[in-house]
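Engineer: Return atomic coordinates for the entry below.
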Amino acid sequence: MLDTFEIALFAGLGVLFAIGLIVLARWSKTRPALLAAYALIAISFLYVGFAIRAEDSETWIGFEMTAVAFFGTLAGMSIVGSPWFVVAGLLLHAAWTLYEHYLGAGQAFAPAPAVMATVGFDVVVALYVAFMTFRAKNENAEASAPDRKLAARSQNRKGAAR
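Structural biologist: Predicted structure coming up:
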């Protein structure tokens with residue numbers, strides 16, 4: 001188990017990686033949900049690599065591949081559908097990683113610093129994708145709203161806005 005300073009340090013490192021992904025998304029003008037989906041798949045495979053070091057590696061690799069299938073499905077659904085799937089996938093992955101690899105049996109092979117960095121990364125990227133999704137929705141709503149004009153009768157009334 002890590003102490004409070006180490007948790008903050010490694011979660012902060014994950015936040016720095018998330019900022020790097022955000023900068024890449026803005027620089028390349030790529031949908032943030034698309035890059036986040038690819039990152040979710042890559043991070044899931046990272047834990048398969050950690051499982052190779054486990055004492056009972058065959059079981060753990062199968063277990064981690066199941067997680068890859070689950071999170072990969074959410075990532076794929078966000079690529080062809082709603083970006084909310086990747087937001088849910090990232091938040092679930094953060095909770096899963098914390099539960100299974102920091103507090104659970106997976107701590108035998110997953111390094112605690114990597115777990116904390118993953119949690120920091122997942123949460124920040126999920127919040128960014130959610131923010132950008134809300135922002136895009138509001139921009140689309142404002143662009144499609146018709147300009148409201150006063151009725152002709154109201155425009156000719158005394159005291160009407162000039």
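
Engineer: what residue lies at the spatial centre of this protein?
Structural biologist: Central residue of the chain (CA atoms, centre = their mean): Ala126, 2.8 Å from the mean position.

Engineer: Surely Trp96 is in contact with Glu64?
Structural biologist: No: look at Trp96 against Glu64 with CB atoms under 8 Å: they stay out of range, at 10.7 Å. Glycine gets a C-beta too; all of them are placed from N, C-alpha and C.

Engineer: Now do the helix ranked longest in the chain: distance to the chain's middle.
Structural biologist: Counting by DSSP state H, the longest helix found in the chain is helix 112-144. The chain centre lies 6 Å from the centre of helix 112-144; the measure is CA atoms, centre = their mean, to the nearest Å.

Engineer: Counting by contacts, list what that helix packs against.
Structural biologist: helix 4-28, helix 32-51, helix 84-97 (3 or more CB pairs under 8 Å, 6 or more residues apart in numbering; DSSP states H and E).

Engineer: Run through this structure and note the low-pLDDT ranges.
Structural biologist: 144-162 (pLDDT under 70).

Engineer: hmm, try it at 80
Structural biologist: 140-162 (pLDDT under 80).

Engineer: Distance check, the closest residue to the residue nearest to the centre of the chain other than its chain neighbours against Thr133.
Structural biologist: Nearest non-adjacent residue to Ala126, counting by CB to CB, 6 or more residues apart in numbering: Leu90, 3.8 Å away. Leu90 sits at a distance of 12 Å from Thr133 (criterion: CB to CB, to the nearest Å).

Engineer: what about these two, which has more around it?
Structural biologist: Comparing Leu90 with Thr133 by other CB atoms under 10 Å, the one with more neighbours is Leu90, at 30 against 18.

Engineer: residue contacts, that one?
Structural biologist: 36, 40, 122-123, 125-126, 129 (CB atoms under 8 Å, 6 or more residues apart in numbering).

Engineer: quick one: Phe134 from Trp96, how far?
Structural biologist: For Phe134, the distance to Trp96 (CB to CB) stands at 25 Å.

Engineer: These two - which one has more neighbours?
Structural biologist: Trp96 (21 against 10).

Engineer: ok, for the more buried one, nearest residue in space, not its chain neighbours?
Structural biologist: Per CB to CB, 6+ apart, closest to Trp96 is Ala67, 6.9 Å.

Engineer: and if you look at Met65?
Structural biologist: Here the residue nearest Met65, using CB to CB, 6+ apart, is Val48, at 6.2 Å.
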